[in-house]
Structures are given as C-alpha cells and as structure tokens.
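Trainee: dropping a prediction and its sequence here:
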Amino acid sequence: MNAPLTSPAAAKLWPIPLEIDSLVRRFGQVTAVDGISLELRAGECFGLLGPNGAGKSTLIRCIVGRAIPDAGRVSVFGSQAGSVDARAALGWIPQELALYPRLTCKENLAAFGRYHGLSGDKLRESVAWCLDWAALADRAGDLEKNLSGGMKRRLNMAAGIIHRPRIVLMDEPTVGVDPQSRNRIFEMIEALRGEGAAIIYTTHYMEEAERLCDRVAIIDHGRIIALGSNEELIHGAFASRSQVMARFDGPPADVSSWVERHAGRLVDGSAEFTIDHSTQIAGLLDDAAKAGLELLDVTLRRPNLESVFLHLTGRELRD
Amino acid sequence: MIIPIVRTALMALRRDRASLALSFILPIAFFSIFAVIFGGQHDSTPKIKVILVDEDKSSASLDLARGLEREDSLVVLTRPTSKNKAAQQPAEYTAATAEAAVKSGDAPVALIIPRGFGQNPISFGRDLGGPAIQLLNDSSDLIAPQMVAGLLQKAAMTAMPEVMAEQGMKYSEQYIGGFTPEQRKRSDAGLEELRKIQSGGAGSRSNAAGNGIIAVNSRAVVGENKRNPMVSFYAAAIGVMFLLFTASGSAGSLLDEAESGTLDRVLSSRVTMTALLAGKLAFNTLLAFTQLTVMFLWAWAVFKLDFFTHIPGFLVMGLCTAFAVAAFGMVLASLCHTRAQLGALSTLLILTMSAVGGSMFPRFLMPAVMQKAGLFTINAWAIDGFTKVFWRDLPVQDLWQQVSVLLAVGIALFIVARRIARRWEFA
C-alpha cells in the first residue's frame, strides 16, 4: 500500500513524482498528443490549459495507464505508467461521473477503496476521511443517483483519492457545476494540496488555472505551446503591456475597419488592443471619435491566461 | 402532421439497428426454426427408437421383428450402438439391459418378446394366449409408446399372415369342434400359400391396423412414481431460457460501466481486466444459480417436484449450467457496444437457442436434424442433465457428459469474452 498523504514539507523530499518525455498518442490520422514533455514537481498543482479537443484528457489517460502511447515515456515515481506501483501512486478523477448510481456514497467509496486494495480499519478510516473532505458525511447513506450535480462531482473526486494517492490527476472536475459547488470543489483541492499531494489539473477555464495552479502548460493540437507560472506566461507573451477593451456604437463595418487600422481585434463585439503604456488610451479614443465612432465603455486590464492563449493561437480558449 | 411524425420515426428506426434486427430478423429466424421442426422441410418425421429383445427366436417372433424393422417411423435397435466402429459389436440387448437403456434415456421404448411367444402369438382370448410382449417405456414421452403399440399390432397383421391364419384355425377347431380331413387339407394348402407369400418378402405397407391381436403388457420404467412428471422438464427448460436472459442482462452492466467511465476508473486501480471479468462471471454464476434454485423450490412447493431427494444432482447441474450461461452472457456483453445491441442480439440468440435446444418444445419430438442441432446449445445439455437427475433418478456420476460439456463451453466462452474485452483494456 502506498504511503498516505503527508505534510507538504515531507512531500518535497520525494523524488520527482511524474516525468513525461516526448509522449505521442495517435488515433488513426489524428495526433492527440504530439511529443509532450513535462515534469510534475512534488506538492505542486500543475495546470493543463487548453480548449476542448486539445489532447488534455488523452495525456491524462496516458499517465494513468489507460492509453498506450505510440512513443515516449511516462514515469511515476520512477515506475512505468500502468505498473502496479504507478497505479497505487496515482489517483484519477475522470471528467465523467464514474460511479455506481445504485450504491450509496459510502458504498461507492468503499468499493473503489477495495479495488485499490484497502480493507478493514484502513478502508473505514479512508472512507470517513473522504466523506469529510467532500462534505458528504451527512449524505453518506444516500444513493449516488439521488445526489445533486455538485454532490456527485464531489463524490466523483472523493472516489479518486480514496487510496490516498501522492499524485492526483483531475480531468475537468468542475464541468457542469454551479458557481457555489465550484467554490466548494476549489476548497477541496486546496485542502488536498495542504495534505501534500501533487496535482495535475486540466481545464479550459482560465480562471481556474489562475486560481489553483502553480504552473500551467497551455496545450493546443496536442502540443505544449507555453509552460510556466501565470506570471511567466503572461510576461512572456505581453511583457509589461496591458490590454484595452472598448465598445463603440457605430456601423459594424466602420468599427471593424477602424480596429484593423489600429492593429486590434474584435472579440465578442469589443475592440481589443494591446498597449505599452496607459497614456496610449487617450490617443486611441480620440481617433475613434474622429472616425465617427461613439464610445460606449472602455476597460484597461492586465492580460490573463486567456489573452496568452489568444495571443499564441489566434483563437479563444472556448472556441 | 401525421406524415412528419411517420417520417421522423422511420429515420430513427433506420439508424437503430437493434430494433431493425428485432423487427425483421427475429421473426424470420423463428419462422424458419419452427418450419423445420413442424413443416417437414428436411427430415420430416421424427423416428422413434425402439429396443427389441427377442427371447423367443421363433419364426413368429422373427417375422414380427422383421415387420417392425420395415416400419419407416421406427429405428429398431437390437444391440447398443457401438461408438468405435472397429471394435467388436456389443452384445444384444437382454430384458435387463433394455430396461436399463430405457431408464438412461437411450430409447423411449423397449419391446421384449418373451420365450414361448411363438407358440400362441395371437391372442384372441386368454385361454390360448401365450406370454404377452412387454412394452417398457419412459413416461416422459407420451407419444412413443402409443405409436410403438399401434405399429406392433400393424406388424402382426401384415408381417405374420400365416401365423394369424394358423391361429385362427386353432380357435376354429377349439370352438367349432375340429375340421374334416378335407377341410384340414384345404386349410393346410392355404397356409402353405401364405407362407410362400410371406417368405417372398411381401413386406406389405398395408394400412390395415390390428387392434389387440397381440397381447402387450405396458410398463413405465421411468417416471412411474413421479407425482408430476413433466414439471422437472419444464423447470429446467424454462429455467435455462430465463437464465440466459438474466445472464446477458447482468453482464450488460459492463456496457453501462464502460459508457459511464466507471470501467476505466476500475481498471486504473489494482483490478485487471481478467480479474474484473472473472468477478463478473462469478457474480453472474451465483445469480443464475440462485434463480434456478428459486425456480426449482417453487416447483417443489407448488407442483410437488421431488427436489430434496435430488440435491446433489441439482447442485452439480445447477452450478455447471449457471457457469456456462454466465459465460455466454459475458461474451454477448463484450461483443456489443451498446445496451440496445445487447438486447437485440441476446433476444435473437437466446430465443433461437431455446427453440432448438428444447426449452420451448421437447427435443425428442423434433426431427433428427434438429435434435442434433440442439446439441450446439447450452439449453439442450442443461435440460438433458436435469432430466437425468429429476426424471431418470440417475446418480451424479452419470452427469459427467453434461458437466464436461457445460464446463468446457463456459471456459471457452470466458476465454473468448476475455479476448474481445481487450478493446476496453486500453483506449
């Protein structure tokens, strides 16, 4: 049985939890994972950010041993992906609600605990810990199918860590949940980090990656197109520049041609410009007025991961 | 508004292959099976196996035996069929071995022509009648003994005219008071003529059926003490069919788990695909066995089946049947991609197997071809085994054939299911 989660300090002493080297996975003509290499550090939360179909889930399935790579290598604490040791060290929280609908919360957790080799007091303790962690202790005897969507998500997460793995792979765990449940899930993840687990967190929500992750890899078409901390990624793409968002009232064709003239782009009807200094805003707005465009509102903001993705790919994350 | 609704339904049906299969293939398959069984397309009439023991060896008994052998609807066996053609022929049946053969189900009827039969083969009255022919039968087959008894009388009428005439003379002499020398001379000449015709091989196919001119004592050697003879057959027959449905439905949980992603999650734990399938197989075997047990207990409680005197045989047959059936369900589930596919395929296969294998209609009443085809089904082997236990009261060791086949089928199907399940192993 793998060691239970310990303190973040102890976690730092472990060897590199996860190493991925030149991983390739193809499905027919489609290359879902195209030569990805990365390293997960002890105790860190590592984000995989990319649009749907970017290859995030396939990468996770390769790590967990559920997909065989066509090339490359995945090493979990030095063991090959899919090996008994690797399986014991990994906890996988799939995107789907992979649970037994006709079992209660407690029975679901106990079933997955047994599949991971837990029994007796260890199993009971682990089930109780997970129910607490997921704030489902008072619903322990309820059937999974009778839970709300948010509760099902939390139970789905609890089932993935029932064996107290040292690495947790979370594949879009907040899909389809309301903001309140999402916040609850964030708290669970932060609690898990407090226990010393290293986490890989896939999402296509930029806010989640920014809030939870120490480092982020932006993935597109199966490749990592940028990797680093939030600040590193933003700085790498924009340096100290800022973004101006402005909405105008005027004929769309006029707005469009004016935006193009100023090397901006239209995003959801808003004109977006990258500027080096805030003093440039006045010049832009003055020029818009001269072009006959009436300003509705204007916002100055620091670029975020979404801006980085847009900057790198020319597409939005949710395209 | 009606046409758009019809159009939408048609488009949906066209893409639902499972429903299409159920709508068109199943009725055609069933029609064909029952047409073969009842319609006489190939080997129309089921032949009845009759064991014949001639203890008399008189000319009358030999004539009668030949007459029976000429009947198209009978297969007359005078000795057990040798499985090894090169080996020496087995010894002829005796009264005892014939009775044992009927008990073990080798044939539904045995005829014993006793010593002294030839002296007075025709019995119009008790005074002159010799020993009666013994007809031993298996009472699970209600038709065979009736047919054999009728054909026996027919054979007597058509195969032994000389004996009949001679016997008639004897009755005449007894009741009229003797012939004159001239009458005797003429009757002897007539009898000689009949002998010539008879020895000339005039195997008449006359339809004239006699009725009771040969004394026959019928005795059921199997099932004579059964309180409700056909209950054990139907408990097994219907039980196996529903077991197959339950097993395939239960194995379908694999498809649900694959669809929900639970299967992936389970396989990412310490559980391997082989362990997962073996676990499902064990559960489905237990489920099927419990279902059988409930069915037989119901038959005991309501229909007076002798359940508790056959526990060892039931355990052996029940577990082997449940195992084979569970493995069958696993193959179907691993073969299909959706519940709908599984529903269509299992309905098609199970109803076909049940029809051919004797769950709907006893196999002994089917044409020979269909009886042989039935041996390719789990139903036939299971029903045969349960019949041995509950009907023939045979000991457990006599189930070795059924047990071997069911276990071998179960193991083979599990291996097949494991191979097909590789598609779930890695994406």
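Mentor: Arrived safely, thanks for sending. Small disclaimer: the values here were computed from a predicted structure and weren't measured.

Trainee: my guess is A:S126 contacts A:L118, does it?
Mentor: Yes: if you go by Cβ atoms under 8 Å, A:S126 and A:L118 touch, sitting 5.8 Å apart. No exception for glycine: its C-beta is placed from N, CA and C like everyone else's.

Trainee: which non-adjacent residue is nearest A:G117?
Mentor: Counting by Cβ to Cβ, 6 or more residues apart in numbering or on different chains, A:G117 lies nearest to B:R270, which is 5.2 Å off, once chain neighbours are set aside.

Trainee: next, count neighbours for whichever residue of the stretch 51-200 of chain B sits closest to chain A.
Mentor: Residue of the stretch 51-200 of chain B nearest chain A, by Cβ to the nearest Cβ: B:S140 (42.8 Å). Other residues lying near B:S140 total 21 when counted by other Cβ atoms under 10 Å in any protein chain shown.

Trainee: quick check: it vs B:P108, distance?
Mentor: For B:S140, the distance to B:P108 (Cβ to Cβ, to the nearest Å) stands at 8 Å.

Trainee: and the strands in the chain?
Mentor: You didn't pick a chain, so chain A it is. A:18-27, A:30-40, A:45-49, A:71-76, A:79-80, A:90-93, A:167-171, A:198-203, A:215-220, A:223-228, A:242-249, A:265-267, A:270-275, A:294-301 (DSSP state E).

Trainee: not quite, I wanted chain B
Mentor: Using DSSP E, strands in chain B cover B:48-54, B:74-77, B:109-113, B:133-138, B:216-222.

Trainee: got the angle for the last one vs strand B:109-113?
Mentor: I take that to be strand B:216-222. Strand B:216-222 and strand B:109-113 are oriented at 140 degrees to each other (axes from the mean of the first three to the mean of the last three Cα atoms, to 10 degrees).

Trainee: which residue, neighbours along the chain excluded, lies closest to B:A132?
Mentor: B:A215 (3.7 Å).

Trainee: number of residues surrounding the closest residue to chain B within the stretch 201-319 of chain A?
Mentor: Closest to chain B within the stretch 201-319 of chain A is A:T202: 14.8 Å, counting by Cβ to the nearest Cβ. By other Cβ under 10 Å, the residues close to A:T202 number 26.

Trainee: surely it and A:S57 touch.
Mentor: Yes: shown here, A:T202 and A:S57 form a contact pair, counting by Cβ under 8 Å, at 6.9 Å.

Trainee: name the residues contacting each of those two.
Mentor: Here A:T202 and A:S57 have A:D171, A:E172 as joint contacts, going by Cβ atoms under 8 Å, 6 or more residues apart in numbering or on different chains.

Trainee: which positions in the stretch 1-150 of chain A make contact with chain B?
Mentor: Within the stretch 1-150 of chain A, the positions near chain B by Cβ under 8 Å from any Cβ of the partner chain are A:61, A:64-68, A:84, A:87-88, A:90, A:92, A:94-100, A:112, A:115-117.

Trainee: if we use 7 Å, what do you get?
Mentor: A:61, A:64-68, A:84, A:87, A:92, A:94, A:96-100, A:112, A:115-117 (Cβ under 7 Å from any Cβ of the partner chain).

Trainee: I would like a PyMOL command selecting only the buried ones among the residues you listed, please.
Mentor: Burial among the residues of the stretch 1-150 of chain A next to chain B is assessed by 16 or more other Cβ atoms under 10 Å in any protein chain shown; the matching PyMOL selection reads:
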select buried, chain A and resi 61+64+65+66+67+87+92+94+97+98+99+100+112+115+116+117
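
Trainee: hang on, the residue of the stretch 51-200 of chain B closest to chain A packs against B:S232?
Mentor: No: with contact defined as Cβ atoms under 7 Å, B:S140 does not count as touching B:S232 (8.8 Å).

Trainee: which neighbours do these two share?
Mentor: Jointly contacting B:S140 and B:S232 under the rule Cβ atoms under 7 Å, 6 or more residues apart in numbering or on different chains are B:W391.

Trainee: how about low-confidence regions in chain A?
Mentor: The model of chain A has pLDDT under 70 over residues A:1-14, A:315-319.

Trainee: could you pull out the helices for it?
Mentor: Under the criterion DSSP state H, chain A contains helices at A:8-11, A:56-64, A:84-89, A:105-115, A:120-133, A:149-160, A:179-194, A:206-212, A:230-238, A:252-261, A:280-290, A:305-313.

Trainee: walk me through the domains of chain A.
Mentor: For chain A, automatic domain parsing gives the domain ranges A:8-234, A:242-302.

Trainee: ok and the residue in the stretch 51-200 of chain A nearest chain B?
Mentor: Nearest residue of the stretch 51-200 of chain A to chain B: A:E96, at 3.4 Å (Cβ to the nearest Cβ).

Trainee: just checking, that residue touches B:T262?
Mentor: No: between A:E96 and B:T262 there is no contact under Cβ under 7 Å: 8.2 Å.

Trainee: lowest-confidence stretch among the strands of chain B?
Mentor: Ranked by mean pLDDT, the strands of chain B bottom out at strand B:216-222, with a mean of 80.

Trainee: next, the angle from that one to strand B:133-138.
Mentor: Using the same axes, to 10 degrees: strand B:216-222 against strand B:133-138 is 20 degrees.
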